[in-house]
Structure formats: C-alpha cells, structure tokens
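> I would like the atomic coordinates for the input below:
(one chain, ligands or ions: 1)
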Amino acid sequence: MAIFSPETETMNRRELLDLQNERLGILINHAYANVRFYRNKFDAAGLNPDDIKTLEDLKKIPFTTRQDLVDNYPYGMFAVPLRDVVRLQFPLGHYGNPIVIGYTREDLKIWRELVARIMAGVGVTEHDIIQVAFNYGLFMGAFRFNQGAELIGAAVVPASIAPADVQIRIMRDFRSTVLVSTPSFALHIIETMRAQGIDPKELSLKIGLFGAEPWPENARSLIEEGLGIKAYDIYGVSELIEPGVSGECTEKAGLHIFEDHFFPEIIDPGTGQPLEEGEEGELVLTSLTTSAYPLIRYRTHDRTALCTKPCACGRTLVRMDRSFKRTDRMISVRGINVFPEMIAEVLSGFEGIGPAYSLEIKQKAGMNDRLKIRVNASSEIVNASDSERAALHEKIQFALRKTLGLRVNMEMVPKESCAQFDS
Ligand code: DLL
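This is a model prediction of the structure:
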C-alpha cells in the first residue's frame, strides 16, 4: 500500500526521537510564552521551559485535562492571536461544558496531510470516490476527511447526514468506492440495504474507514460482509486534530500514531505513573506541532497499549491497540460522547426531577446504539394530569437532546425507583 509521507512514516526510530525532541522544545516555549494556563502550570511546578529538553523531561509537567479546557473557555488555551486563527470549531458532546478549538492555516495543513496518510495507507488513490457520511455542520471530522481526500486527489461526496436510503442511492449512482462514517451508521446502511433488497455487489464500494466510537471485531466482520469491503479503524479526539491521531493500515494490526505530530504516553489512570510498552493504560497525548491550540500531556481517558515493533506495512510508527474502554464514565453512543454529569446538570434544571436517574444502554453488534434514561419524579409529577406530564416529558427530553446532541428515550418514574446513577 502507498505510504503518503515515507520520509516520516518510515523514519528510523532514533531519528524520529530526535525530531520529536526538537519539536518538543519549540512547543514548550510556544505554550509557555503564549498561554497563561501553561505558564501558571509551569510556575506552580517550579519548572521553566529550559527544564524540558527531551521527552523524558515531559513527565515533570502535570497533565492537561478536559476540565482545564472547559475552565479556559473560550480562548484561554489559544497560543496565537485570533487574527492568525482561520477556523473555530466546537466539538460535539461538549454542549453542556463547551470548548472551542482554533486552527491556524498551518494546523489545517497538517491535519489534511494526516488524514491523507490514513487514507493512502489503506489503499485510497486519486481514482477513488469517497463518500463522507459524517455531519458536516457539527462534526469536525467531516471536514478533515474532505480535505484529506482532496489532497490525495480523490473525488469527495460530502453526503453528510443524509438518511441511509439517500446514502445508498448516492453510493449506487455515483459509484462511490470508499465509505467514511461511524461503524454504527455503516450497520444502519447495511440494514437499510437488506430491507430494500439491495445486494452489495450492485455497489462499487471496496474500502471503509470507520471510527469515532469503539467497534469490536464482530462489528467489523458484519460491516465487511454486509458491504463487501475491507473496513479499517481510525481514531481521533476533537481536542487534538480529530481524526488524524492514528489509523489502521492494511495489516489491521493496531493503529499507527503519527508520532512526528503527537507524542503518546501510556499511564496508570489511577496513579498517573508511566507504564511500559505493551501494558494497557490511559493514552496521554502531546501535540508536537499544533500552533493555535497546543496540548501538553492531554489525558484522553481512552484505554490502549502501545507497540513499537516494526509493522509489515513498512511504517516505523508506534501502533496503539484498538480502544474499547474508557477510564472515565464517558459513554459513546453512535459516535456521540455522553458525559453522565451533563445529564445530571440538565435534570437539575427541573423542579421535582432527579437527582437520581439510571441509564440503560441498548447495544447492537457490541456497539452502544440507544440510550434510555429513567429519572426520578416527585409524587406531584407522577400524579399530575396526563397532559401536564406529557408537556414536562417533552421539555426534559428536548433539554437532554439539546445538551447531549443525541436523541434519548426518557422515562419518568416515581421517586426512589432509581437509587443512584447506574449505567
Ligand atoms: O470522535 C474523532 C473522530 C472522528 C475519530 C471521526 C474517528 C473518526 P470526539 O468526538 O472528540 O472525536 O471523540 C473522541 O471518541 O476519546 C474515544 O473515546 C472515541 N473514539 C474516537 N475514535 C475511536 C475509535 C472523534 N476508532 C473520543 N475507537 C475518543 C474507539 C474511538 N473509540
């Protein structure tokens, strides 16, 4: 398979380390000079930028968390003036506690190349027609795929959130060869195709790139068989040029992390101590080249393990295991991140509702498909008229949808039915 940037993707690991150390020095000085949050963090830890000479020294710096980004909303984490920012995006799943990510022209160029690397690595070429079925309005990833594909020279169909039957029609009429979506949506397309009696052989699809949520191997088999394609995993985090942190190659033996732009560490989520290669723990990432929104030792809360053994594809980049578990309580439902604290916050706005609630997650092919929330309601609400209860139900359901960015099924139950949060 083609390697888009062979000079870095197949670099000798000693040279790669030198490159990372050089970039680290620039990053640390940039963040210290331009982001008060980092300056304060360094000062509080008694560090100055000269103390961080190599990646070994990075361990001295405290972690950066999502809460830090929320606390510094909107522009407190920006390391460049707004006039140098050419795009502002807010990630899905953060409506309750918003964050905003900025990009300079150079940041956008990097992200475009990283997505192009992932695509080229699974065999996408300028002859392909790539159907991107991610939400262009809100989901930052959609743009990344668009521009990565254009860099390769492939044709892009930004099918966005068109319903499954429309997606299938586009696929058939345009002869799309690559589908990019969440794995859940790919399964939904397959179900719709079956219901319409459409054989995958009628389509021209050959490759699928799927991510934004954990998807087990059995889901991969169902997608590969259902669409007659090879399906590959892509991983990313909105706060860090998502997607584009890592992606599988045709070997399907882990996701290559683009270490020339991100330095990965695996830590024990409880103690914060670094773990050895091969040990499973929480992935912590440092963006080495991001100029507008640099993140140092950012805790992703995703569980994985790393492997630096050479890959048969020829890349020397470290591989991360496919990630299925979190170290926090975040739940991914069809690619949308749900933080239980956000549910509690919505419920707290309604008199006689909560605070206790329970969550029921319905899975499909090992992936979270539907969320049901049962909330405690006071006896006044339980005994109110049907129309009053229905009006309140609609209000709560609407507020949950607005905050979570996800349609949920909500049920009000008599108080004491839900003793505590329970997922
Ligand atoms: O989901 C970025 C993305 C877009 C990745 C498109 C791939 C394709 P967020 O919405 O910020 O960003 O969610 C990030 O989703 O911390 C993981 O918990 C989970 N996640 C993302 N990709 C994968 C994957 C995008 N391939 C959070 N496997 C991450 C498992 C994934 N979990």
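
> okay, CA-based contacts and neighbour counts for the rest of this
Noted.

> Going along the chain, name the helices of the stretch 201-350 of the chain.
For the stretch 201-350 of the chain, the helices defined by DSSP state H, counting those that start in this stretch cover 217-227, 340-347.

> other SSEs contacting the longest one?
Using 3 or more CA pairs under 8 Å, 6 or more residues apart in numbering; DSSP states H and E as the contact definition, the elements that helix 217-227 packs against are helix 183-195, strand 230-235.

> Check whether the last one comes near the ligand.
In other words, strand 230-235. Yes: Strand 230-235 comes into contact with the ligand (CA under 6 Å from any ligand atom), by way of 233, 234, 235.

> Contact partners for the last one?
Think residue 235. Contacts for residue 235 (CA atoms under 8 Å, 6 or more residues apart in numbering) come out as 211, 212, 242, 243, 244, 245, 246, 247, 255.

> Give me the residue ranges of the stretch 301-423 of the chain where confidence is low.
416-423 (pLDDT under 70).

> Quick check: phi and psi on the residue in it that the ligand sits nearest to?
Relative to the ligand, the nearest point of the stretch 301-423 of the chain is residue 323 (4.7 Å; CA to the nearest ligand atom). Main-chain torsions, residue 323, degrees, to the nearest 10: phi -100, psi 130.

> Now do the same contact list for it.
Counting by CA under 8 Å, 6+ apart, residue 323 makes contact with 214, 302, 303, 304.

> most neighbours, which of those?
residue 214 (25 neighbours; other CA atoms under 10 Å).

> any idea how far that residue is from the ligand?
Look at residue 214 and the ligand: by CA to the nearest ligand atom, to the nearest Å, they are 3 Å apart.

> Would you reformat the helices of the stretch 201-350 of the chain as JSON lines and include distance to residue 292 and mean neighbour count?
Converted to JSON lines, the helices of the stretch 201-350 of the chain look like this (distance: least, CA to CA, whole Å; neighbours: other CA atoms under 10 Å):
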{"stretch": "helix 217-227", "distance to residue 292": "36", "mean neighbour count": "18"}
{"stretch": "helix 340-347", "distance to residue 292": "28", "mean neighbour count": "18"}
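
> Just send these back as CSV, with distance to the ligand too.
Shown next, in CSV, are the helices of the stretch 201-350 of the chain (distance: least, CA to the nearest ligand atom, whole Å):
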stretch, distance to the ligand
helix 217-227, 11
helix 340-347, 14
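
> Same list (these) but as JSON lines, adding distance to residue 366.
What follows is those, written out as JSON lines (distance: least, CA to CA, whole Å):
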{"stretch": "helix 217-227", "distance to residue 366": "7"}
{"stretch": "helix 340-347", "distance to residue 366": "20"}
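
> I figured residue 189 hits residue 170, correct?
No: counting by CA atoms under 8 Å, residue 189 sits too far from residue 170 to count as a contact (12.0 Å).

> give me every residue that touches the most centrally placed residue in the chain.
The residue lying closest to the centre of the chain (CA atoms, centre = their mean) is residue 237, at 3.7 Å. Residues counted as contacts of residue 237 (CA under 8 Å, 6+ apart) are 243, 245, 300.

> which non-adjacent residue is nearest residue 318?
The shortest distance from residue 318 to any non-neighbouring residue, by CA to CA, 6 or more residues apart in numbering, is to residue 308 (4.5 Å).

> Identify the residues contacting that neighbour.
Taking CA under 8 Å, 6+ apart, we find residue 308 in contact with 277, 316, 317, 318, 319.

> If any of the residues you listed are buried, put those into a ChimeraX selection.
Remark: buried members of the contacts of residue 308, expressed as a ChimeraX selection using 16 or more other CA atoms under 10 Å:
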select :316,317,318,319
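
> Could you tell me which residues of the stretch 201-350 of the chain lie near the ligand?
Proximity of the stretch 201-350 of the chain to the ligand (CA under 6 Å from any ligand atom) is limited to residues 211-214, 233-238, 242-243, 300, 302, 323-324.

> Select from these the entry with the lowest predicted confidence.
Lowest in pLDDT among these is residue 242, which has 76.

> for that one, what are its contacts?
By CA under 8 Å, 6+ apart, the residues touching residue 242 are 140, 141, 144, 235, 236.

> Distance-wise, check it relative to residue 120.
Residue 242 is 17 Å from residue 120, where distance means CA to CA, to the nearest Å.

> Which of the residues in stretch 306-325 are classified as buried?
Applying 16+ other CA under 10 Å to stretch 306-325 flags 306-307, 311, 313, 315-323, 325 as buried.

> do the same with stretch 401-416
401, 403, 404, 405, 406, 410, 411, 412, 413, 414, 415.

> any idea which helix or strand carries the second one?
This means residue 403. Using DSSP states H and E, residue 403 sits within helix 386-404.

> next SSE after that helix?
Note on helix 386-404: by DSSP H and E, the next helix or strand toward the C-terminus is strand 409-414.

> Direction included, what does that next one pair up with?
If you go by DSSP bridges, strand 409-414 pairs up with strand 367-377 (parallel).
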